[in-house]
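Enquirer: Below are the sequence and a predicted model; questions follow.
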Amino acid sequence: MGRYWVRWGLMIIVAGAIAGCTPSPSASSPESESDAHSEIAAGPIAADKVNLVTGDEKKFAELLAGHKGKVVFVDFWALWCPPCVEFFPHTVATHQKYKDQGLATVAVNFDMLEDEPKVREFLGKNGAEFENLMSSYDDISQQVATAFEFEALPEFRLYDRTGKLRKEWIGAPDSAELDGLIEELLAEKAE
């Protein structure tokens, strides 16, 4: 059991160092953002009904490719990252607000594989009815960050209908900026 805690401790230290898991200035006023999205937030779903698969960066690329023709919002997160957990309801609300207009949402989780039940419970509680990928690497290291091409958690990406990355945020995006960019990309014609 001691090795388990040492491994977790080292993982958190490494994760904090490479991920910088800190809130962005836009995350400092969650009350106003929560109020703005509360009327469109999804209700909880059963944990066993959550669409959660395990995979690596190739599986992530497959998920993205499967949404060609749609705008795709991606949320890279972990339960051990407080800003990630704090922003996740906004990801769900953004999905609910724009899903019928052509937005697809994908959440990529970086918790330990043994924590899948906790991740599944969190996703269900938050009504994450979109695709969810749990990293199969079972750690958070520079190798994982390189494989998934992220710099820090939380990190968010927005892809256009052709699959081109159009915007990346390290830390929580400003809700007004995010909505504006989503609406702009949704208005673009698919090629």
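Expert: In hand now; what should we look at?
Enquirer: Helices of the protein, residue ranges please.
Expert: 2-19, 30-37, 57-65, 82-98, 116-125, 142-148, 175-187 (DSSP state H).
Enquirer: Can you give me the pLDDT of Phe73?
Expert: You'll see Phe73 listed with a pLDDT of 98.
Enquirer: ok, how many other residues are close to it?
Expert: Residues near Phe73, counting by other Cβ atoms under 10 Å, number 26. For the C-beta atoms, the positions are set from N, CA and C on the backbone; glycine is no exception.
Enquirer: Kindly state the beta-bridge partners for it.
Expert: Thr105, Leu158 (DSSP bridges).
Enquirer: hang on, it packs against Val108?
Expert: No: with contacts counted by Cβ atoms under 8 Å, Phe73 stays clear of Val108, the gap being 11.6 Å.
Enquirer: for the chain, which spans come out with low pLDDT?
Expert: For the chain, residues meeting the criterion pLDDT under 70 lie at 1-42, 190-191.
Enquirer: Spit out the contact partners of the residue nearest the centre of it.
Expert: Nearest to the geometric centre of the chain sits Asp75, at 1.9 Å (Cα atoms, centre = their mean). Residues in contact with Asp75, defined by Cβ atoms under 8 Å, 6 or more residues apart in numbering, are Cys84, Phe87, Phe88, Thr91, Thr105, Val106, Ala107, Val108, Pro154, Phe156.
Enquirer: Now do the last one against Asp48, distance only.
Expert: Relative to Asp48, Phe156 is positioned 27 Å away (Cβ to Cβ, to the nearest Å).
Enquirer: And these two? Which one has more around it.
Expert: Under the criterion of other Cβ under 10 Å, the comparison of Phe156 against Asp48 puts Phe156 first, with 22 against 8.
Enquirer: bridging residues for Asn132?
Expert: Taking DSSP bridges as the rule, Asn132 bridges to Leu52, Ala107.
Enquirer: so it makes contact with Gly124?
Expert: No: using Cβ under 8 Å, Asn132 makes no contact with Gly124, being 10.2 Å away.
Enquirer: Comparing these two, which shows the higher neighbour count?
Expert: Comparing Asn132 with Gly124 by neighbour count (other Cβ under 10 Å), the higher total belongs to Asn132, at 23 against 18.
Enquirer: gap between the two ends of stretch 124-131?
Expert: 12 Å (Cα to Cα, to the nearest Å).
Enquirer: ok, back up a step: just the buried residues of the contacts of Asp75.
Expert: Buried members of the contacts of Asp75, scored by 16 or more other Cβ atoms under 10 Å, are Cys84, Phe87, Phe88, Thr91, Thr105, Val106, Ala107, Val108, Pro154, Phe156.
Enquirer: would you turn the residues you listed into TSV with distance to Tyr98?
Expert: Putting the buried ones among the contacts of Asp75 into TSV (distance: Cβ to Cβ, whole Å) gives the following:
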residue	distance to Tyr98
Cys84	21
Phe87	16
Phe88	16
Thr91	11
Thr105	9
Val106	14
Ala107	15
Val108	19
Pro154	19
Phe156	14
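Enquirer: No more questions from me, cheers.
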